[in-house]
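>>> how would this look folded up:
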Amino acid sequence: MIFIGTETEYGISTPSAPLLSPIISSTHAVVGYATSRGARRGTQWDFGPETPLRDARGFDLRRYHTAPTIDPHALGVANLVLGNGGRFYVDHAHPEVSSPETADPFYAMVLDQAGDRVALDAIAAVAELSEAGISALDKHEPCPPLKLYKNNVDGKGASYGSHENYRYSRAVPFDELAAALIPFFVTRQVVTGAGRVGLGPHGDKPGFQISQRADYIEQEISLETTLNRGIINTRDESHTDDEHYGRLHVIIGDASMSQVSSFLKLGMTSLVIAAIQRGERFSDLALAHPVAEVSAVSRDLTLSHRLELADGRRLTALEILGEYRRRAAAAVGDGVDKRLLSEWDEAADLLATNPLAAADRLDWVAKYALMKGFVARGASWDHPKIALVDLQYSDIDPRTSLYHALVRKQRMRTLVDEETIRRAAYEPPTDSRAYTRGMFMTRYPDEVVGANWDRVVVAEGESMLTVPMVAVDGYTRADTAAAFEQPTAAAAARMINPE
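Purely as a prediction, here's the structure:
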């Protein structure tokens with residue numbers, strides 16, 4: 001099974017106090033949310049096992065050792081383990097939500113949407129504290145009202161991530177996996193892109209393009225995530241059985257507002273990885289100039305650009321994706337998600353015949369259609385109003401978001417109701433170890449000392465008990481639900497891990 005998780009760094013601003021450091025405002029968001037949920041101030045994210053500089057190609061660039069624990073509410077490093085088994089924390093100068101693991105691409109989309117609900121609740125929590133004259137942070141004034149945006153660029157040259165994670169089998173050599181995925185990642189943006197006003201890293205050239213991340217991809221393969229970004233990222237932190245499984249860390253994707261875009265992004269990628277693991281080969285789709293093609297595809301709004309393949313052929317992005325779809329579905333066979341294939345086929349057909357007809361389901365097309373209306377009425381592509389549309393589309397607040405306005409007007413399809421998303425923000429998925437992690441946080445919040453992806457540490461008097469959870473597909477509801485009927489976290493831990 002391909003287990004999936006997402007990481008979303010939200011753009012953050014304080015319109016009434018534009019000079020406030022985003023590190024401070026991001027910390028307000030995380031700590032304010034923790035305060036509103038009654039989170040235990042002593043619970044810490046356990047950094048001990050993390051190895052962010054280990055490369056999947058077999059070498060290690062570690063230059064430091066991170067302390068095992070960090071004050072969970074310290075400025076800029078606030079961390080919170082969520083009741084759904086995910087994580088809410090400050091990453092660089094952004095609040096970030098990492099979703100819990102699931103093997104269901106559709107539910108992975110739901111969990112990604114649930115991250116927006118967590119972020120919205122953080123905004124509300126900070127506002128409630130500030131209205132009462134209270135600051136979530138010691139020695140700081142109450143926080144001004146927050147705005148959070150699910151986008152990937154700030155319009156000033158900076159790009160921040162919406163990362164995807166997929167567990168893969170190490171039976172497939174990493175170089176082989178990477179080579180098979182490069183043409184896919186270069187071309188999938190025509191389905192999964194979020195759309196962006198401005199060309200170039202600083203967006204200083206007028207125009208519109210399909211992807212927000214395209215202008216920031218500089219290499220085919222790289223370990224870095226904040227500079228010299230690659231089509232393939234090689235960070236090798238499996239957070240699981242390291243001998244048999246790796247975690248593919250995907251940084252080339254855009255943040256998705258649309259549920260269809262999100263489902264396709266996660267589902268298509270999961271399906272292709274599964275096909276590669278089953279022996280399907282895509283070597284004949286290798287590109288002659290993959291890095292250059294990322295931007296070329298992003299700037300081709302007609303979808304007619306023909307990418308040069310290594311063997312001299314030229315195919316459009318849709319033609320290349322069609323080959324991936326055909327071969328992947330055949331390789332996976334009866335286990336393929338029919339709903340995913342249906343959405344993939346519908347989107348591809350619309351893009352092939354009339355791209356604007358996909359405005360009811362794909363982010364970049366919906367955004368482009370909105371902007372074309374302003375341009376038709378005389379606005380230029382570098383007009384401030386066009387830039388504002390770009391920003392307001394990604395606003396996560398339903399009251400002010402253009403995306404949510406389209407949903408209300410039934411001009412944007414949704415795949416799941418709001419109540420399901422709300423539950424997913426606070427209840428863990430049942431098919432992975434996230435269930436056990438989330439249930440410890442929900443059932444015994446005052447007894448959990450620390451947690452990370454592959455273990456939970458609970459208090460037992462003056463000592464501590466560790467529950468190792470190396471297997472992503474273990475510690476599911478079927479495995480551990482009975483343990484959470486115990487009166488204490490220690491009793492539950494001993495029942496789950498008798499040793």
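
>>> so who does E128 touch?
E128 makes contact with S36, according to C-beta atoms under 8 Å, 6 or more residues apart in numbering. C-beta coordinates here come from the backbone N, C-alpha and C atoms, glycine included.

>>> so it, which state does it fall into?
Classification of E128 by DSSP: H, G, I helix; E, B strand; the rest coil places it in helix.

>>> same check on G198?
Using three-state DSSP, the structure places G198 in strand.

>>> what separation do you get for it and A122?
Counting by C-beta to C-beta, to the nearest Å, the gap between G198 and A122 amounts to 28 Å.

>>> between the two, which is the more surrounded one?
Regarding G198 and A122, a neighbour count based on other C-beta atoms under 10 Å identifies A122 as having more, with 28 against 22.

>>> you'd agree the more buried one is in a helix?
Yes. The assignment for A122, made by three-state DSSP, places it in a helix.

>>> isn't it up against P95?
Yes. Contact criterion C-beta atoms under 8 Å: A122 and P95 qualify, at 6.7 Å.

>>> pLDDT wise, what is T66 at?
The per-residue pLDDT reported for T66 equals 37.

>>> by mean pLDDT, flag the weakest helix or strand of this protein.
Ranked by mean pLDDT, DSSP states H and E, the weakest helix or strand in the chain is strand 44-45, scoring a mean of 68.

>>> quick check: mean pLDDT across the next helix or strand after that one?
As assigned by DSSP states H and E, the chain's next helix or strand after strand 44-45 is strand 79-81. Taken as a whole, strand 79-81 has an average pLDDT of 92.

>>> which helices and strands sit right next to strand 79-81?
Other helices and strands packing on strand 79-81, by 3 or more C-beta pairs under 8 Å, 6 or more residues apart in numbering; DSSP states H and E, are helix 22-36, strand 44-45, strand 87-91.

>>> what angle do the first one and strand 87-91 make?
Relative orientation of helix 22-36 versus strand 87-91 (axes from the mean of the first three to the mean of the last three C-alpha atoms, to 10 degrees): 160 degrees.

>>> quick one: buried residues of helix 22-36?
Neighbour counts using 16 or more other C-beta atoms under 10 Å place 22-36 of helix 22-36 among the buried residues.

>>> ok, stretch 286-297 next?
Of the residues in stretch 286-297, those with enough neighbours to count as buried (16+ other C-beta under 10 Å) are 287, 290-291, 293-297.

>>> possible to save those residues as JSON lines with pLDDT and distance to Y426?
JSON lines is the format used below for these (pLDDT from 0 to 100; distance: C-beta to C-beta, whole Å):
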{"residue": "L287", "pLDDT": "99", "distance to Y426": "43"}
{"residue": "P290", "pLDDT": "98", "distance to Y426": "41"}
{"residue": "V291", "pLDDT": "97", "distance to Y426": "41"}
{"residue": "E293", "pLDDT": "99", "distance to Y426": "42"}
{"residue": "V294", "pLDDT": "98", "distance to Y426": "37"}
{"residue": "S295", "pLDDT": "98", "distance to Y426": "40"}
{"residue": "A296", "pLDDT": "98", "distance to Y426": "43"}
{"residue": "V297", "pLDDT": "99", "distance to Y426": "38"}
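
>>> which one of those is nearest to W45?
Top of the list for closeness to W45, among the buried residues of stretch 286-297 and by C-beta to C-beta, is V294 at 33.2 Å.

>>> ok, L301 touching I210?
Yes. Contact criterion C-beta under 8 Å: L301 and I210 qualify, at 7.0 Å.

>>> those two: which is more packed in?
Between L301 and I210, counted using other C-beta under 10 Å, the more crowded position is I210 (28 against 19).

>>> where do the helices sit along the stretch 301-450 of the chain?
Read by DSSP state H, counting those that start in this stretch, the stretch 301-450 of the chain holds these helices, from start to end of the chain: 317-332, 338-353, 363-376, 384-393, 402-408, 418-424, 434-443.

>>> how about residues contacting the last one?
This means helix 434-443. The list of residues contacting helix 434-443 from outside it, by C-beta under 8 Å, 6+ apart, reads 43, 81-86, 100-102, 426-429, 448, 451, 453, 456, 458, 467, 469, 475-477, 479-481, 484, 489, 492, 496.

>>> select from these every entry located in strands.
With DSSP state E as the criterion, strands contain 81, 448, 451, 456, 458, 467 from among the contacts of helix 434-443.

>>> one step back: now do the shared contacts for A122 and P95.
Between them, A122 and P95 share these contacting residues under C-beta under 8 Å, 6+ apart: 29-30, 88, 148.

>>> so which of those would you say is closest to A171?
Relative to A171, the closest of the shared contacts of A122 and P95 is F88; by C-beta to C-beta it sits at 34.2 Å.

>>> so the closest one touches P100, yeah?
No. Applying C-beta under 8 Å, one finds F88 not in contact with P100, separated by 11.6 Å.

>>> measure M109 to F484 for me?
27 Å.

>>> next one, pLDDT for A352 please.
So, for A352, pLDDT stands at 98.

>>> any idea how far V336 is from it?
For A352, the distance to V336 (C-beta to C-beta) stands at 21 Å.

>>> thinking again about what came up before, which one's more surrounded, M109 and F484?
The residue with the greater number of neighbours, taking M109 and F484 and applying other C-beta under 10 Å, is M109; the counts read 29 against 19.

>>> tell me which helix or strand comes right after whichever strand or helix holds the more buried one.
Secondary structure assigned from DSSP H and E places M109 in helix 105-131. On the C-terminal side of helix 105-131, the nearest following helix or strand under DSSP H and E is strand 147-149.

>>> could you export the helix or strand just after that following strand as CSV, CA atoms only?
Toward the C-terminal end, the helix or strand that comes next after strand 147-149 (DSSP H and E) is strand 162-169. Output in CSV follows, covering the C-alpha atoms of strand 162-169 (Å, rounded to 0.1, in the frame of the first residue of the first chain):
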residue,chain,number,x,y,z
SER,A,162,2.9,22.3,-0.1
HIS,A,163,4.6,19.0,0.1
GLU,A,164,3.4,15.5,-0.4
ASN,A,165,4.7,12.3,1.1
TYR,A,166,4.3,8.7,-0.2
ARG,A,167,5.7,5.5,1.4
TYR,A,168,7.4,3.4,-1.3
SER,A,169,9.1,0.1,-1.3
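
>>> quick one: average confidence on the next helix or strand after strand 162-169?
Downstream of strand 162-169, the first helix or strand assigned by DSSP H and E is helix 174-187. Per-residue pLDDT values over helix 174-187 give a mean of 97.

>>> list buried residues within the contacts of helix 434-443.
If we count by 16+ other C-beta under 10 Å, the contacts of helix 434-443 have these buried: 43, 81-86, 100-102, 426-429, 448, 451, 453, 456, 458, 467, 469, 475-477, 479-480, 484, 489, 492, 496.

>>> spatially nearest residue to L415 (excluding sequence neighbours)?
Closest residue to L415 in three dimensions, ignoring its sequence neighbours and counting by C-beta to C-beta, 6 or more residues apart in numbering: Q259, at 4.5 Å.

>>> A127 now?
If you skip the residues right next to it in sequence, A127 has P145 as its closest partner in space, 6.0 Å away by C-beta to C-beta, 6+ apart.

>>> any idea how far the closest residue to V110 other than its chain neighbours is from H383?
Taking C-beta to C-beta, 6+ apart as the measure, V110 lies nearest to A424, with 5.0 Å between them; neighbours along the chain are not counted. Using C-beta to C-beta, one obtains 38 Å as the distance from A424 to H383.

>>> same check on G322?
Using C-beta to C-beta, we find G322 at a distance of 37 Å from H383.

>>> swap in T420?
Spatial separation of T420 from H383 under the definition C-beta to C-beta is 39 Å.

>>> neighbour count for these two, which is higher?
H383 (16 against 13).

>>> what number of residues lie near the residue nearest to the more buried one when sequence neighbours are not counted?
Closest residue to H383 in three dimensions, ignoring its sequence neighbours and counting by C-beta to C-beta, 6+ apart: F374, at 7.3 Å. By the criterion of other C-beta under 10 Å, F374 has 16 neighbours.
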